[in-house]
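In: Everything below, folded, please.
(one chain, ligands or ions: 1)
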Amino acid sequence: MSTQIIDGKKIAESVRLEWRVRAEKLAQLGIKPGLAVIIVGDNAASAIYVRNKVKACSDIGIYSEVHSFPETANQNEVLTCIQTLNNNPHIHGILVQLPLPAHFENNRIITAIAIEKDVDGFHFYNVGALVTGNTIFSPCTPYGVMVMLQRNLINVEGQHAVVVGRSNIVGKPMAMMLLEQGATVTICSSKTRDLSQFTRSADILIVAIGKPRLITAEMVKPGAVVIDVGINRLADGKLCGDVDFESVSGTAGYLSPVPGGVGPMTITMLLCNTILAAERAQAGVRVSYSK
Ligand code: NAP
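Out: All right, here's what the predicted structure looks like:
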């Protein structure tokens, strides 16, 4: 079987071109979308992600600022920073780079962000909105996956979608977004007995586990759509996904590579959400029930 490779880089470029036009329209009204990124500690991977986000913002016409705190920072200092950003009309999106140091309460930090500026979509209110089909911001990684499917004209409705991984940032929102589009969804985790039994029955298989090349050809239904969210760094420094690309190409109908698949989409959807937040602010759109 010939496998069509889903080129996330190319799709990301075309999405950015479309949203750049929207940013330019705002610029004509004297508004520059603004994103604030908060980073705590000196996690090397986080520092790279933040640098990439800042560069992507500047390329598309978004103002960005980074608030860096040392590993030893007090949670209250970060909460105060979030409050200030919540009240800053030039900042439309606020993102806290995860993971936070162990002494931080993730939930307190995430729920301190104003709902209408929560461009990651992690605030409990936004999670509830997503689950009930009233999405305010789609979380960036699953949003990127949905756009990859759409741009390849892959119909989700009525398909059996299997999501491997149940994290709050990828697996769970991914499953909800597929469900919303009419897929029949199965969610698997490390506790699933006989994972292959489920993955082999998937028309659409989304893998987000963080285990290098765990999914092999025998675990995939011939012709299935396979999206690899995983990013794993190997001992030789190279990146690979959770899907064994070499083995699964030839079996899958569609396959996304790592790198060059979901990664470029995630950052693109963050830009889109920030521009959307600025458009809403400009139009005076209220996104929450009470405030
Ligand atoms: P996470 O919070 O560690 O969650 C991993 C999930 O995978 C958990 O639900 C875990 O199950 C499940 N799992 C682990 N081993 C498994 C196995 N052998 N069989 C079935 N399920 C298994 O990770 P995450 O934040 O969701 O990220 C997952 C991967 O995606 C990572 O490689 C991460 O780097 C990558 N990622 C990529 C992007 C991108 O832009 N491309 C964005 C975010 C994350 P339990 O819940 O039972 O422990």
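
In: What's the separation between Ile115 and the ligand?
Out: According to CB to the nearest ligand atom, to the nearest Å, Ile115 stands 22 Å off from the ligand. For every residue, glycine as well, the C-beta is placed using N, CA and C.

In: just checking, that residue touches Val285?
Out: No - if you go by CB atoms under 8 Å, Ile115 and Val285 don't touch, sitting 12.0 Å apart.

In: More neighbours: those two, which one.
Out: The neighbour count for Ile115 versus Val285, taken as other CB atoms under 10 Å, is higher for Ile115 (20 against 11).

In: What score does the more buried one have for pLDDT?
Out: On the pLDDT scale, Ile115 is placed at 98.

In: How about the secondary structure of Val37?
Out: With DSSP: H, G, I helix; E, B strand; the rest coil as the basis, Val37 sits in strand.

In: Which pLDDT does the model give it?
Out: 98.

In: Let the chain start at 752 from now.
Out: New numbering, starting at 752: the last item is Val788.

In: Neighbours of it, how many?
Out: Applying other CB under 10 Å, we find 22 residues neighbouring Val788.

In: In contact with Glu931, which residues?
Out: The neighbours of Glu931, taking CB atoms under 8 Å, 6 or more residues apart in numbering as the test, are 884, 886.

In: any idea how far Pro893 is from it?
Out: 11 Å (CB to CB, to the nearest Å).

In: repeat for Ala1032
Out: Per CB to CB, Ala1032 is found 24 Å from Pro893.

In: Looking at these two now, which is surrounded by more residues?
Out: Neighbour totals were compared for Ala1032 and Pro893, and Pro893 leads with 30 against 19 (other CB under 10 Å).

In: tell me the contacts of the closest residue to the more buried one other than its chain neighbours?
Out: Leaving out its chain neighbours, the residue that sits closest to Pro893 by CB to CB, 6 or more residues apart in numbering is Met925, at 3.9 Å. Neighbour list for Met925: 892-893, 896, 914, 916, 957, 959, 980 [criterion: CB under 8 Å, 6+ apart].

In: give me the element Met925 is part of.
Out: If you go by DSSP states H and E, Met925 is part of helix 922-931.

In: The following helix or strand past that helix vs helix 922-931, what angle?
Out: Later in the chain than helix 922-931, the nearest helix or strand by DSSP H and E is strand 935-939. Calculated by axes from the mean of the first three to the mean of the last three CA atoms, to 10 degrees, strand 935-939 forms an angle of 170 degrees with helix 922-931.
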